[in-house]
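J.: Generate coordinates for the sequence data below:
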Amino acid sequence: MNYIFDIDGTLTPSRGKINKDFQDKFYKWMVSTKKSGDNVYFITGSDKDKTIEQIGKRIWKTATQCYQSCGNVVYENGKLIHQIDFAFTNELRELLNNFLEGSPMYGKYTTNIEERIGLINFSTIGRDCPQSVRKEYYEWDKLSNERKQFCNEIMHRFPYIEASVGGEISIDIHTKGKNKSQILEHVQGAVTFFGDRCDKGGNDYPIVEYLRTAQFGSHGAREYTIHEVKDWQDTKLRLKI
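T.: Sure, this is the predicted structure:
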């Protein structure tokens, strides 16, 4: 079995650190699972440093592989083994700046545009806002659909680009097709996936869609289980640890 986990909102609070009790139990579960011959993968929109900050280096290095930046950067045993770059054009930068200037949330916090290997992470409220503000923005965005509207306009203006809602405050922007589903091109056999943004437009959705439509290239259809979780407590409950 191949266990694949999103990080933000699945193993940790959004942009928060993993619960200490869950961290210890999840690590023991990982070690036991790998001894049984199964694999444990992480797939996240975040970069390596942010992921380690959230789940700890011990868990990060214990994974079979870690797919960072929606799978555009891959680590194994702590070493970089694969990387896909993304060209951040002036035209796209101008569009994002226009989004910022037109948003009522802009100017309250900083780090609105973060360039990562393989993708751009964009947030009008700013990535360094406190946790309480993240929750406020998330609830506001569910009513305003600001992020979904931005994603739709980006993909309309740039057909070669894919944009999706990630976490509570941001969107991920990358080359079309270079989304989280990339991991399924490399992982063979049965899959159990845990993610919190499995709805259409969410950055976990490409994995769900890929599994449900059995688009596996030369590998053929496989068995799969999808756990669309509410939070890390839900993940813990489903793992029975």
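
J.: where does the chain have low pLDDT?
T.: Applying pLDDT under 70 to the chain picks out residues 214-221.

J.: Just the helices from it, written as ranges.
T.: Along the chain, counting by DSSP state H, helices occupy 20-35, 48-55, 57-62, 90-102, 131-144, 146-157, 205-212, 232-239.

J.: Which one, of the ones you listed, ends up nearest to residue 71?
T.: Among these, the nearest to residue 71 by CB to CB is helix 205-212 (9.4 Å). Heads up, the C-betas are built off the backbone N, CA and C, glycines and all.

J.: From the chain's centroid, how far away is the closest one?
T.: Here helix 205-212 is found 13 Å from its chain centre; the criterion is CA atoms, centre = their mean, to the nearest Å.

J.: what residues does that helix touch?
T.: Helix 205-212 has contacts (CB atoms under 8 Å, 6 or more residues apart in numbering) with 4, 43, 164, 179-181, 183-184, 191, 193, 195, 197-199, 216, 224, 226, 228.

J.: Spatially, what comes nearest to residue 202 if we skip its sequence neighbours?
T.: With CB to CB, 6 or more residues apart in numbering as the criterion, residue 202 has its nearest non-adjacent residue at 5.3 Å, and that residue is residue 165.

J.: ok, the one you found to residue 30 distance?
T.: From residue 165 across to residue 30, the span is 28 Å (CB to CB, to the nearest Å).

J.: ok, now residue 97?
T.: Taken as CB to CB, the span from residue 97 to residue 30 is 42 Å.

J.: Likewise for residue 118?
T.: Separation of residue 118 from residue 30 (CB to CB): 25 Å.

J.: Among these two, which residue is more densely surrounded?
T.: More crowded of residue 118 and residue 30, by other CB atoms under 10 Å: residue 118, with 24 against 19.

J.: I figured that one hits residue 83, correct?
T.: Yes - counting by CB atoms under 8 Å, residue 118 touches residue 83, with 7.1 Å between them.

J.: Right, I'll leave it there.
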